[in-house]
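Student: test case, fold it:
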Amino acid sequence: MEKDQNPLQVFEQSNKIFLIIIIVISILGILLSSYLTYLHFKPSASKLCIFGEHFDCDIVNKSVYSELFGIPVAIFGGLTYLLFLTIAVLLLKNYDFTKIGRLIDEPITTKTAYHILFFLAIVSFAFSIYLTYVEAYILKTYCIFCLVSLSFIIVLFIISPFMIRNHKRNS
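Tutor: Down below sits the predicted model:
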């Protein structure tokens, strides 16, 4: 911490860094989810994603567990990353969330936005752990790209409560 910086500026600065991390991860996650969606619908097997008998994205990505309500899980992942990206960009730009609140007649604040990020991170983490369980114990093979996405979600899950804490201290 620089001598002329007060602690509140430090919390605000660390949240900016966290938001930039979320933006980068979200963009990478959208690209990854798009590729997994492509693989899901691709009729032939992908040679790029086979790393031995226990790492085969096609087995995972074309299994019955790869869809929810007939929609590929990768699409849900991409939409979730898009939501993370949108909220993070709005927070970084100090968007006035009360404007959205007025549109839907609900009180929405910056604090609410941070809590939504945290809630998204919890749900994403839980679902990613479930999918990893399916890979490990039911399918007995892993999708390397799914594991990369899991690592992205773990980072989001770890940093989101710190952002709430920093926002509380900065308010």
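Student: report the buried residues of stretch 33-48.
Tutor: Along stretch 33-48, these residues count as buried under the neighbour rule (16 or more other C-beta atoms under 10 Å): S33, Y35, L36, T37, L39, H40, S46. (Each C-beta comes from the backbone N, C-alpha and C, glycine too.)
Student: verify the stated contact: the third one with Y81.
Tutor: No - shown here, L36 and Y81 do not form a contact pair, counting by C-beta atoms under 8 Å, at 11.5 Å.
Student: returning to that earlier point: what about the buried residues of stretch 33-48, which are in helices?
Tutor: With helices taken from DSSP state H, the overlap with the buried residues of stretch 33-48 comprises S33, Y35, L36, T37, L39, H40.
Student: which residues touch the last one?
Tutor: When you say that, I think you mean H40. Listed by C-beta atoms under 8 Å, 6 or more residues apart in numbering, the contact partners of H40 are N61, K62, S66, P72, A74.
Student: got a list of what the closest residue to it other than its chain neighbours touches?
Tutor: What sits nearest to H40 in space, not counting adjacent residues and going by C-beta to C-beta, 6 or more residues apart in numbering, is P72, at 4.5 Å. If you count contacts by C-beta under 8 Å, 6+ apart, P72 has them with L36, T37, H40, F41, N61, S66.
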